[in-house]
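Visitor: Mind looking at a prediction? Sequence and model below.
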Amino acid sequence: MFTLAMVHDTLGAGLLGACLLAALFVAPATARAQHWTLYNAMLTEHVAPAEREGVSFNAVDYAAWASDPRYPQVLAQVESFPLATLQTTADKVAFYSNVYNLYAIRMVIEHLPLESIRDAGSLFSPVWKKPVGMLGGRMVTLDEIEHQILRPLGEARIHFAIVCASLSCPDLRREAFTAAQLDAQLEDQTRRFLENASKGLRVEGSQVQVSQIFDWFEEDFDSAGGVEVFVRRYRELPSQVRLRAAIPYDWNLNAQ
């Protein structure tokens, strides 16, 4: 006889199975979409537009960041994140761009007071090659995140997303990058940088000066047709133009 107890057991087993099946599909997606809630809140509170030495930039309140009780929590989230769940290029670009920016801030905080992030290193031990934090159970450097992880992904716009804690760097975005919004966020970052005459692009007749970023990473723009073709996607330029990566790069700290 099919009793009420049997119905209960059958439904229970069915619900349990459905929950387990759902978990198999939802858990990886949830893990990939790193929870950046605390990081977002810190960016909103401790980063603000500013101008110094003729450069417009988003300034970081490093003292407030360092004393914020959410800061160690954000670091712990990053350091324990399951990297294997980053399955798509968008997942990886968003995650590692956030990590680079967070760890650049960490490098500054751990070496305050300083005038430039480069002061945290030396001629024989550049700051970019100094250990800065754990990822996937091992220590990494800013250089490794940028050159060994991000650049090989083939997304040239990462150069306007990652911020080396300096005035002439692209502005630190006041929200975390996410895979779902990544294309729009990178487009916005690139456009904002190239509209910033104090560090991104200046037009003087047929002479166009651009950031030295386009010189240092020129080959990364080859897939977009080269630097000039890339820049013309975001700015109207004279038909006959000579691009020069000649805007002086200000390495002073992007601090409030």
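Guide: Right, received. Where do you want to start?
Visitor: I'd guess Pro49 is in a helix, am I close?
Guide: No: judged by DSSP: H, G, I helix; E, B strand; the rest coil, Pro49 forms no part of a helix; its state is strand.
Visitor: Quick one: residues contacting it.
Guide: Pro49 sits next to 56-59 when contact means CB atoms under 8 Å, 6 or more residues apart in numbering. C-beta: built from backbone N, CA, C; applies to glycine.
Visitor: how close does it get to Arg192?
Guide: Per CB to CB, to the nearest Å, Pro49 is found 11 Å from Arg192.
Visitor: thought Arg242 was touching Gly205?
Guide: No: here Arg242 lies out of contact with Gly205, judged by CB atoms under 8 Å, at a distance of 10.0 Å.
Visitor: of the two, who's got more company?
Guide: More crowded of Arg242 and Gly205, by other CB atoms under 10 Å: Arg242, with 11 against 8.
Visitor: what's the weakest-modelled helix or strand in the protein?
Guide: Ranked by mean pLDDT, DSSP states H and E, the weakest helix or strand in the chain is helix 4-32, scoring a mean of 44.
Visitor: Just after that one, pick out the following helix or strand.
Guide: Heading C-terminal from helix 4-32, the first helix or strand you meet, by DSSP states H and E, is helix 37-46.
Visitor: State the distance from Val227 to Gln77.
Guide: Here the criterion is CB to CB. By it, Val227 lies 36 Å from Gln77.
Visitor: Let me know the helix or strand that Ala246 is in.
Guide: For Ala246, the host element (DSSP H and E) is strand 242-247.
Visitor: mind listing what's buried in that strand?
Guide: By 16 or more other CB atoms under 10 Å, the buried positions in strand 242-247 come out as 243, 247.
Visitor: Run through the chain and note the low-pLDDT ranges.
Guide: The chain contains residues with pLDDT under 70 at 1-34.
Visitor: How is it divided into domains?
Guide: 1-32, 35-247 (automatic domain parsing).
Visitor: Would you work out how far apart the start and end of the last one are?
Guide: Distance between the boundary residues of domain 35-247 (CA to CA, to the nearest Å) amounts to 37 Å.
Visitor: Could you give the separation of that domain from the chain centroid?
Guide: Relative to its chain's centre, domain 35-247 lies at 5 Å (CA atoms, centre = their mean, to the nearest Å).
Visitor: now the strands: where do they sit in this structure?
Guide: Listed in chain order, the strands of the chain (DSSP state E) span residues 47-52, 55-60, 131-135, 138-141, 201-204, 207-211, 242-247.
Visitor: Tell me which of these sits nearest to Ile158.
Guide: For the strands of the chain, the distance to Ile158 is smallest for strand 207-211, at 14.3 Å, taking CB to CB.
Visitor: show me what contacts the residue nearest the centre of the chain?
Guide: Centrality entry for the chain: nearest residue to the mean C-alpha point is Ser97, 2.6 Å, by CA atoms, centre = their mean. Counting by CB under 8 Å, 6+ apart, Ser97 makes contact with 150, 158, 161-162, 177.
Visitor: rewinding a little: of Val227 and Gln77, give the one with the bigger neighbour count.
Guide: Neighbour totals were compared for Val227 and Gln77, and Val227 leads with 21 against 16 (other CB under 10 Å).
Visitor: how about that one, what does it touch?
Guide: When contacts are counted by CB under 8 Å, 6+ apart, Val227 touches 210, 214, 218, 221, 243.
Visitor: Just the buried ones from these?
Guide: Buried members of the contacts of Val227, counted by 16+ other CB under 10 Å: 210, 214, 221, 243.
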